[in-house]
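> Requesting a structural model of the entry that follows:
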Amino acid sequence: MSNDLVQEQKEPPKHSSAFNRFLAGVEWLGNCLPHPITLFALFCVFIIVISGVASLFDLSVIDPRPEGTAGRAADGVISVVNLFSGDGLQMIVANLVTNFTGFAPLGTVLVALLGVAIAEKSGLLETAMRTLVMGSSKKMVTFTIVFAGIISNTASELGYVVLIPLAAMIFHSLGRHPLAGLAAAFAGVSGGYSANLLLGTVDPLLAGITTAAAQLIEPGYNVGPEANYYFMFVSVFLISGVGTYVTEKIVEPRLGKYNEQEASIDLNAQKITEVTAKEKKALKMAGIAFAVLCGVLALTIVPEWGILRHPETGEVKNSPFLKGIVAFIFVTFAIPGYVYGRYAGTMRTDRDVIKAMSDNMGTMGMYIVLVFFAAQFVALFKWSNLGTILAIKGSQLIQAMGLAGPELFIIFILMCGFINLMLGSASAQWAVTAPIFVPMLMLVGYSPEVIQTAYRIGDSVTNLITPMMSYFGLILAVAVRYKKDLGIGTLIATMLPYTIFFVIGWSTLFYLWVFLFGMPVGPGSPTFYPIG
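Model (predicted):
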């Protein structure tokens, strides 16, 4: 009998071996890719060279846009522009700086992060998260952890650094498997990355990239940070419910009863830090400040006489309120964050506030460098007309294949999820794919806002199973505390059910929302784009 057991351990089931080989292949392929910044630099060189080659063959397409449409070619023909020439070099050199400074995601994300930095550094977001999770009932603890993970995305790494280790400890303290708690938190933080109750830094980031891509078809088209708000708000509860179901019905039973001998740390030494009375008071005052702030903002937009409604039409659509939404993201994080800091004693003077903002900006160096090269890539793609030509050719192919309904977006979501396995950065992936797919799907008849929504689903759901995700190593390090021999394959296999159910559940919600009920994905966001 013992020999049989040894043989079973040495020869895992074939499906397990095949799955591990697949994961190893994904990891190898991802590691073969250069850094996203290097990737964008190479793409820039590639576009310059390809535009030169394509111009030799007079690559062109008939402009499908009606006469009189802004941006339509004067002769009705869109031809590739040769950037591999003297004129091309002059254009590139003359606009290098303005490409960077005028790239929408740069300023909007940095401004939003200034406010988030105050709320994060003061301790407001961490205390709110701990209060939410530790104050939940035993029956609701799984749902609360997944829910808290989703809303933690407003503050970058907070969910990974604070919530995931805390969730594992809470599950262990309740006599449940700590890895199930870790998985639930990871599912919310990473799998529900795009969903949230509040607009966060990811919203202006993606909207800026989508705007640049949409302007390849319609100059002047603008996608606001609030473009997907309705859909992403409702998605919070969908992902929370699905994540809870997968945790309690699939993941936790599969893990079985926890054996504390598997831990690599002294579990008795773990302590869950309770929220102090001082922190509770500070949190209460921050909540009051947030409520008052929301009330004041509501007075500027809800009544018909609201001063931030559109000055001519009186509508919310295209109003100063929506155009200035990034400023309100800044304010709604900064003011409650400062109030919390004053009462908690973490921010006493203006110097503390300034330090919080400057420290956060200090962590954005990599993002700024990435944006520089991404901005050049988007500009080169636009100048060369390669993006527009590819979009028109692609849309014609889609229409010829008869893929113009829900099945088109299912394919798009799955494709985005697959690309995310190798290129884990949401901004990097969208900056590469948006200039192709946003114009292409606009020419099929869908709005950039709806296209962006589908992308966000695909980009989120496979975060859980890719070793290329920036915090994957941190998650693995936390998991090894509770199971010392746990490897990458085991962690990904644990998270795979979440990915499968999230893809099914979120895609179904998207289908019902967009195609069955025809509801807007955000304030003033159209579902369709007029192509005739």
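> For T346, give me its contacts.
Neighbour list for T346: 121-123, 340, 352 [criterion: CB atoms under 8 Å, 6 or more residues apart in numbering]. Backbone N, C-alpha and C define where each C-beta goes, glycine included.
> Going by neighbour count, which residues in whichever helix or strand V339 is part of are buried?
Assigned by DSSP states H and E, V339 belongs to helix 325-344. Going by neighbour count (16 or more other CB atoms under 10 Å), the buried part of helix 325-344 is 325-326, 328-330, 332-344.
> send the alpha carbons of that helix over as CSV?
Included here for helix 325-344 are C-alpha records, laid out as CSV according to Å, rounded to 0.1, in the frame of the first residue of the first chain:
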residue,chain,number,x,y,z
ILE,A,325,-15.2,64.4,-12.6
VAL,A,326,-11.4,63.8,-12.0
ALA,A,327,-11.4,66.9,-9.8
PHE,A,328,-14.3,65.5,-7.7
ILE,A,329,-12.4,62.2,-7.4
PHE,A,330,-9.6,64.1,-5.9
VAL,A,331,-11.8,66.1,-3.5
THR,A,332,-13.9,63.1,-2.3
PHE,A,333,-10.7,61.2,-1.3
ALA,A,334,-8.7,64.2,-0.1
ILE,A,335,-11.1,65.9,2.3
PRO,A,336,-12.3,62.8,4.2
GLY,A,337,-8.7,61.5,4.2
TYR,A,338,-7.5,64.7,5.8
VAL,A,339,-10.4,64.7,8.3
TYR,A,340,-9.5,61.1,9.3
GLY,A,341,-5.9,62.0,9.6
ARG,A,342,-6.6,65.0,11.9
TYR,A,343,-8.7,62.9,14.3
ALA,A,344,-6.5,59.8,14.1
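> how near is the spatially most central residue of the chain to V236?
Residue closest to the average C-alpha location in the chain (CA atoms, centre = their mean): S194, at 4.4 Å. The gap separating S194 from V236 is 10 Å, by CB to CB, to the nearest Å.
> T142 now?
Taking CB to CB as the measure, T142 and V236 are separated by 15 Å.
> Check A213 too.
Summarising the geometry, the distance separating A213 from V236, computed by CB to CB, is 26 Å.
> what about these two, which has more around it?
More crowded of A213 and V236, by other CB atoms under 10 Å: A213, with 30 against 19.
> and the next element down the chain from the helix or strand that contains the more buried one?
Using DSSP H and E, A213 sits in helix 202-214. Toward the C-terminal end, the helix or strand that comes next after helix 202-214 (DSSP H and E) is helix 229-246.
> Below-threshold pLDDT in this structure: ranges please.
Where the chain drops to pLDDT under 70, the residues are 1-33, 65-75, 155-157, 266-267, 269-271, 423-426, 468, 470, 532.
> could you pull out the strands for it?
Assigned by DSSP state E, the chain shows strands spanning 60-62, 77-79.
> Contacts made by the last one with the rest, please.
Right, strand 77-79. Outside strand 77-79, the residues that touch it by CB under 8 Å, 6+ apart are 55, 58-63, 385, 388-389, 392.
> Write a PyMOL command that selects only the buried members of those.
For the buried members of the contacts of strand 77-79, the matching PyMOL selection, counting by 16+ other CB under 10 Å, is:
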select buried, resi 55+59+61+63+385+388+389+392
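> ok, the nearest residue to F412 once chain neighbours are set aside - contacts?
Take F412 and drop its neighbours on the chain: the residue closest to it by CB to CB, 6 or more residues apart in numbering is A454, 5.4 Å away. With contacts defined as CB under 8 Å, 6+ apart, the neighbours of A454 are 409, 412-413, 416, 510.
> what's the answer for L496, then?
When contacts are counted by CB under 8 Å, 6+ apart, L496 is found next to 464-465.
> try I250
Contact partners of I250, counting by CB under 8 Å, 6+ apart, are P497.
> And it, how close does it get to M422?
In terms of CB to CB, I250 sits 26 Å off from M422.
> Please look at Y340 and L125 and confirm they touch.
No - contact criterion CB atoms under 8 Å: Y340 and L125 do not qualify, at 9.1 Å.
> overlap in contacts of those two?
Residues touching both Y340 and L125 by CB under 8 Å, 6+ apart: A119.
> Let me see the ranges of the helices in the stretch 301-450 of the chain.
Counting by DSSP state H, counting those that start in this stretch, the stretch 301-450 of the chain has helices at residues 320-323, 325-344, 350-362, 365-384, 386-401, 406-422, 426-444, 448-461.
> tell me what the shortest one is packed against?
Under the contact criterion of 3 or more CB pairs under 8 Å, 6 or more residues apart in numbering; DSSP states H and E, the helices and strands touching helix 320-323 comprise helix 277-301.
> right, and A428 touches P36 too?
Yes - with contact taken as CB under 8 Å, A428 and P36 are classed as touching, separated by 4.0 Å.
> on that earlier part again, of all the helices of the stretch 301-450 of the chain, which one comes closest to A185?
helix 448-461 (15.1 Å; CB to CB).
> Off-centre distance for that closest one?
Distance of helix 448-461 from its chain centroid, counting by CA atoms, centre = their mean, to the nearest Å, is 9 Å.
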